[in-house]
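Undergrad: One predicted model, sequence on top.
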Amino acid sequence: MKVVLRQDVAKVGEAGTVQTVSNGYARNYLIPRGMAIVATEGELKVAAHNLGVKERKISRQEDLLRSLSEKIDGQRLTFTAKAGAQGRLYGSITASDVATALAAQISEEIDRRRVVLDDPLRSIGEHTVTVHLVGRLRPQVTVVIEAEATEEVEADGPAGATEETDAAESPAEAPVDIDEATEPTA
């Protein structure tokens with residue numbers, strides 16, 4: 001059955017488009033919830049007109065945001081986070097983190113909902129992230145996640161030498177002369 005979508009429907013289409021869906025899906029789900037209407041001849045004309053208006057609006061927005069897209073495209077963001085031995089982060093880098101870092105780097109406000117991430121980034125390395133501005137403007141950003149240097153790694157070299165000197169200087173662990181310890185005090 002052909003329907004005209006009144007709103008965006010996941011895995012079906014965007015609002016204003018004509019889609020072919022199964023009869024049961026249309027009658028039992030889309031139409032009763034007001035998400036779609038049956039595609040009659042009149043509705044198809046209205047949908048075509050509305051689609052043209054929407055495309056012109058998107059085209060104007062693309063022209064306005066093209067310079068922002070050029071600023072964003074190719075940016076490289078570096079994050080430092082705690083990670084385990086296999087390179088998995090203890091936390092994650094979210095779309096909000098990417099948007100905040102990108103906004104600081106280019107001095108423009110970026111809405112976190114524009115950053116396209118299926119799942120938060122949870123591993124060390126380079127990740128390509130898309131920023132969906134409007135229409136076909138989808139600049140890509142490279143996000144580099146590096147592991148924080150842990151104290152254990154930094155302490156390996158000099159730690160051995162400092163432990164020996166600390167032991168010699170510590171009065172509790174210093175060797176005690178037995179003669180001095182047994183002398184009577186007045």
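TA: All right, it came through fine.
Undergrad: check contacts around the spatially closest residue to Ala147 that is not a sequence neighbour.
TA: Spatial nearest neighbour of Ala147, excluding adjacent residues (CB to CB, 6 or more residues apart in numbering): Ala83 at 4.1 Å. Yep, even glycine has a C-beta here, placed from its N, CA and C like the rest. Listed by CB atoms under 8 Å, 6 or more residues apart in numbering, the contact set of Ala83 reads Leu89, Tyr90, Ile124, Ala147, Glu148.
Undergrad: Buried subset of these, written for PyMOL?
TA: Only the buried entries of those go into this PyMOL selection, using 16 or more other CB atoms under 10 Å:
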select buried, resi 89+124
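Undergrad: Out of the contacts of Ala83, give me the two with the largest separation.
TA: For the contacts of Ala83, with distances taken as CB to CB, the pair at the greatest spread is Tyr90 and Ile124 (11.3 Å).
Undergrad: Give me the subset of the contacts of Ala83 lying in strands.
TA: Using DSSP state E, the subset of those located in strands is Leu89, Tyr90, Ala147.
Undergrad: how far away is Ala15 from Ala36?
TA: Ala15 sits 10 Å away from Ala36, going by CB to CB, to the nearest Å.
Undergrad: Quick one: low-confidence residue ranges for this protein.
TA: Along the chain, segments meeting pLDDT under 70 span 150-186.
Undergrad: How is it partitioned into domains?
TA: 2-64, 71-147 (automatic domain parsing).
Undergrad: Enumerate the positions of stretch 97-105 that are buried.
TA: Asp97, Val98, Ala99, Ala101, Leu102, Gln105.
Undergrad: Spatially, which two of those residues are the most separated?
TA: So, the buried residues of stretch 97-105 by CB to CB: farthest apart are Asp97 and Gln105, at 12.5 Å.
Undergrad: what's around the closest residue to Ile106 other than its chain neighbours, how many residues?
TA: Distances taken as CB to CB, 6+ apart place Lys71 nearest to Ile106, at 5.0 Å, with adjacent residues excluded. When counting by other CB atoms under 10 Å, one arrives at 15 neighbours for Lys71.
Undergrad: does Lys71 count as helix, strand or coil?
TA: Following DSSP: H, G, I helix; E, B strand; the rest coil, the label given to Lys71 is helix.
Undergrad: Go ahead and confirm it touches Ala103.
TA: No - Lys71 is beyond contact range of Ala103, at 11.1 Å (criterion: CB atoms under 8 Å).
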